[in-house]
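Colleague: pasting the structure only:
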């Protein structure tokens, strides 16, 4: 299970790195590492890593913080709707589609607790 989370965190970091590198954002590698490592901490890790990366880029290139926020949003969407359900589906033997549907249904019925 831990190796899967490491792989997902690597994918999140790589996604952010590619977006920041293409747009010429300073400290792209450091920001991607912060977000990738932060993603390993459940629930709050991505937020903490994102806040640190946000302030780092804000000090150097304030306009590029918008790009960072978009990169974080894209990476979290990829994690939440593609990579995460695929890994969970493989682990429990379900199709990725049904994992996403169940997360949406139970999330609406029971809130945050229902998504787990």
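Modeller: On my side now, so go ahead. Keep in mind it's a predicted model, so treat the numbers as computed, not measured.
Colleague: Buried residues of the worst-scoring helix or strand of the chain on mean pLDDT, list them for me.
Modeller: In the chain, the helix or strand scored least confidently by mean pLDDT, DSSP states H and E is helix 84-92, which has a mean of 79. Within helix 84-92, the residues that qualify as buried by neighbour count (16 or more other CB atoms under 10 Å) are 84, 85, 87, 88, 89. Bear in mind the C-beta positions are built from the backbone N, C-alpha and C, glycine included.
Colleague: what do you get for stretch 4-15?
Modeller: The neighbour-count criterion (16+ other CB under 10 Å) identifies 8, 9, 11, 12, 13, 15 as the buried residues of stretch 4-15.
Colleague: Nearest residue to the third one in space, ignoring adjacent ones along the chain?
Modeller: Once flanking residues are discounted, residue 11 sits nearest to residue 83: 5.6 Å by CB to CB, 6 or more residues apart in numbering.
Colleague: quick one: the one you found and residue 9 touch, right?
Modeller: No - using CB atoms under 8 Å, residue 83 is not in contact with residue 9; the gap is 9.9 Å.
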